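Novice: The sequence and its predicted three-dimensional model are supplied below.
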Amino acid sequence: NRTAITMMNKNGMVTKIHTRIRTDPFTSNYELLGRELGRGKFAVVKKCIEKATGKEHAAKFLRKRRKGEDCRMDILNEIAVLESAKANPYVVALHEVYETNSEIILILECAAGGEIFNQCVAENDEAFTEKDVIRLARQILTGVACLHRNNVVHLDLKPQNILLTSAIPLGDIRIVDFGLSRRMDSVTEVREILGTPEYVAPEILNYEPISIATDMWSIGVLTYVMLTGESPFLGDNKQETFLNISQVNVDYSQDAFEGVSSLAIDFIKTLLLKNPRKRATAEECLNHPWLNGPADLYTQLHASSLPSLDEPETSQSESEPESPAPS
Ligand SMILES: Cc1cnc(Nc2ccc(CC#N)cc2)nc1Nc1cc(C2CC2)[nH]n1
């Protein structure tokens with residue numbers, strides 16, 4: 001049972017973690033529930049119950065040895081990032097850490113609503129309304145703005161890594177999986193290829209420096225998926241997907257955005273820009289009119305393809321936006 005660990009990563013950066021790493025048996029204090037919540041290449045997540053309190057948690061089992069390499073430092077990096085985000089209401093909370101010979105086990109807050117991915121691809125009334133997306137996007141941006149203020153970049157933001165405290169009624173978001181995250185100090189340029197093909201930014205494909213703007217690209221993709229249910233760059237294979245990203249081939253047609261306001265499209269366009277320096281920051285996004293309008297009325301009256309349903313057909317062409325609604 002150690003108290004604080006100071007570690008040096010390959011860039012020579014020193015990181016300190018304060019979470020006690022317990023070596024008594026995890027099963028003495030937790031009961032595993034059969035349901036597997038998620039599975040990554042080197043991790044599996046299962047729901048568990050803390051015996052002392054009866055509280056539900058998510059136990060993330062991380063293998064220390066991967067492809068013959070000792071990856072303990074990478075896991076301690078994930079713990080350090082979670083610790084640094086302890087005050088961030090939209091980042092999943094870290095409760096305890098256990099270590100065995102082969103694994104490190106993170107006991108994390110359980111977000112019972114699951115991945116927003118499920119609602120992104122849901123049909124009809126289970127899918128998000130634009131008003132839902134505005135509220136969720138504000139929470140994601142608030143959480144990411146806090147990470148970026150601490151020079152932490154997530155590098156794997158996607159609908160599978162944004163969870164909900166509750167799906168029905170729609171709860172709050174929790175950002176999870178900091179397995180690829182980095183602390184961006186001014187010196188080191190992170191150039192390894194990371195992330196999930198559909199959501200990675202062009203600079204990752206070109207092995208150019210990664211920055212907090214890399215996360216902003218992914219938020220653009222995430223918002224596109226939440227509003228349309230489609231993944232903007234997904235091709236029939238990896239090469240096609242990479243080409244779509246590199247050329248920023250995005251479908252902003254009224255077909256793709258049926259019933260979605262033109263302000264929402266403007267918002268996405270501030271993020272899906274090839275040049276990272278031109279992308280909006282999380283703070284700038286939070287000031288975008290799409291996220292600051294009179295929600296209901298505005299989005300109804302400005303849905304880019306539908307005339308407002310309760311208005312008689314006007315001579316105006318459908319695509320012309322009507323005068324802004326009275327506040
Ligand atoms: C109900 C539930 C359903 N599906 C997932 N999926 C999922 C997605 C990404 C990762 C990748 C990670 N990390 C792990 C599981 N997590 C759930 N609850 C969690 C999951 C967690 C912590 C983050 C594990 N708390 N509550």
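Specialist: Sure thing, it's come through.
Novice: hey, let's count contacts and neighbours off CA atoms from now on
Specialist: Noted.
Novice: lowest confidence element among the helices and strands of this structure?
Specialist: helix 295-301 (a mean of 56; mean pLDDT, DSSP states H and E).
Novice: what sits against residue 89?
Specialist: Contact partners of residue 89, counting by C-alpha atoms under 8 Å, 6 or more residues apart in numbering, are 143, 174.
Novice: Give me the distance between it and residue 275.
Specialist: 30 Å (C-alpha to C-alpha, to the nearest Å).
Novice: for residue 47, same thing?
Specialist: Per C-alpha to C-alpha, residue 47 is found 41 Å from residue 275.
Novice: the more surrounded of these two?
Specialist: More neighbours surround residue 47 than the other of residue 47 and residue 275, with 23 against 12 (other C-alpha atoms under 10 Å).
Novice: Show me what the longest helix belonging to the chain is in contact with.
Specialist: If you go by DSSP state H, the chain has its longest helix at helix 130-149. Applying C-alpha under 8 Å, 6+ apart, the contact partners of helix 130-149 are 85, 88-91, 153, 172-173, 175, 212, 223, 226-227, 260, 281-283, 285-286, 290-291, 295-296, 299.
Novice: After that helix, heading C-terminal, what element do we hit next?
Specialist: For helix 130-149, the succeeding helix or strand toward the C-terminus, using DSSP states H and E, is strand 152-153.
Novice: near the ligand at all, whichever helix or strand comes after that next one?
Specialist: Per DSSP H and E, the first helix or strand lying C-terminal to strand 152-153 is strand 162-164. No: shown here: strand 162-164 not in contact with the ligand (C-alpha under 6 Å from any ligand atom), separated by at least 6.6 Å.
Novice: tell me what strand 162-164 is packed against?
Specialist: With contacts defined as 3 or more C-alpha pairs under 8 Å, 6 or more residues apart in numbering; DSSP states H and E, strand 162-164 has these neighbours: strand 114-115, helix 116-120, strand 173-175.
Novice: one step back: which of the residues in the longest helix of the chain are buried?
Specialist: 130, 133-134, 136-148 (16 or more other C-alpha atoms under 10 Å).
Novice: which residues does residue 108 contact?
Specialist: 57-60, 92-96.
Novice: nope, residue 65 is what I meant
Specialist: 71-72, 102.
Novice: ditto for residue 85
Specialist: 91, 147.
Novice: Can you report phi and psi for it?
Specialist: Dihedral angles of residue 85 (phi, psi; degrees, to the nearest 10) stand at phi -100, psi 20.
Novice: Could you do residue 103 as well?
Specialist: For residue 103, the backbone dihedrals are phi -140, psi 160 (criterion: degrees, to the nearest 10).
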